[in-house]
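Enquirer: Structural data only, the sequence is not supplied:
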């Protein structure tokens, strides 16, 4: 028995635990409905979006996106008042994962249905922030903020922890691919290049601030994950890796540390190790 064969039960066990959290019940049936179903897709097999969204670095990118999104007071108000992230965080994660999988890998009818469900939910998410300003999840401006946070975070995580970093042209292709999804959700003229993406962040900066709700959400995500004790060290490394990818201007408002030397020496290698472990677990042998 070689080493690969001997470790196969461990790999399968770890893969099952990860899928339970991210995919939920019946992961094999869900995968078959997406990957094996006939019909055209939004994105061909060779598109960069498929490479990025299939990679283990998405775990880091997802956490970074949530932290970054919380910097907009109106977007954070919608999460605080309408989301069940505290009582059902894994359900929220699974719904997000389902949406990304459906639009990236699923047949066109499955992708269209996923878009329709999200747009229906957005119609119900409206209210007033603590400063009295009204908000609506269907507001194209707020949709734009959520979108650019996701694109920037998934791209940053892949470039740091992905299996093979993208070239400049491939990075632009990824932003353009994500613009297809954003347009379907109601974002007007989303960025299609990395340069445009960076400009979007510069334009949003005057609207951003660290609110009490944002700091509470960050504390929950980073320090109070609803996980069994054995799983918390690995999650802690993912969380630290996500924080290390945030720009300095985000950290102080959210009361997050900025330790560039420690991050370069310790966090980056640890983040690479844990994403590598997840990638190994989710990659079948043979």
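Expert: Nice, I can see it. Everything numeric in this text was worked out from a predicted model, so none of it was measured.

Enquirer: list the contacts for the residue minimising distance to the centre of the chain?
Expert: Centroid-nearest residue in the chain, with CA atoms, centre = their mean: residue 62, separated by 2.4 Å. Counting by CB atoms under 8 Å, 6 or more residues apart in numbering, residue 62 touches 93, 96, 153-154. Every C-beta, even on glycine, is put in place using the N, C-alpha and C of the backbone.

Enquirer: May I see the ChimeraX selection of the buried members of these?
Expert: The ChimeraX selection below is limited to those of these classed as buried (16 or more other CB atoms under 10 Å):
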select :93,96,153,154
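
Enquirer: Single out whichever of the contacts of residue 62 has the smallest pLDDT.
Expert: Ranked by pLDDT, the contacts of residue 62 bottom out at residue 93, which scores 71.

Enquirer: Can you list the buried residues in the longest helix along the chain?
Expert: Ranked by number of residues, the top helix in the chain under DSSP state H is helix 140-161. For helix 140-161, a neighbour-count test (16+ other CB under 10 Å) marks 140, 142-161 as buried.

Enquirer: quick one: the strands in the protein?
Expert: 126-128, 134-136 (DSSP state E).

Enquirer: Select, out of the ones you listed, the one closest to residue 228.
Expert: The closest of the strands of the chain to residue 228 is strand 126-128. By CB to CB, the value is 34.6 Å.

Enquirer: mean confidence score for the closest one?
Expert: On average, strand 126-128 scores 89.

Enquirer: next one: stretch 188-196
Expert: Rounded mean pLDDT across stretch 188-196 is 97.

Enquirer: what about it, how long is it end to end?
Expert: 14 Å (CA to CA, to the nearest Å).

Enquirer: what residues does that stretch touch?
Expert: Taking CB under 8 Å, 6+ apart as the rule, stretch 188-196 contacts 140, 144, 147-148, 151, 155, 168, 171-172, 175-176, 178-179, 182-183, 197, 199-200.

Enquirer: repeat that with 6 Å
Expert: With contact meaning CB atoms under 6 Å, 6 or more residues apart in numbering, stretch 188-196 is reached by 140, 147, 171-172, 175-176, 179, 182, 197, 200.
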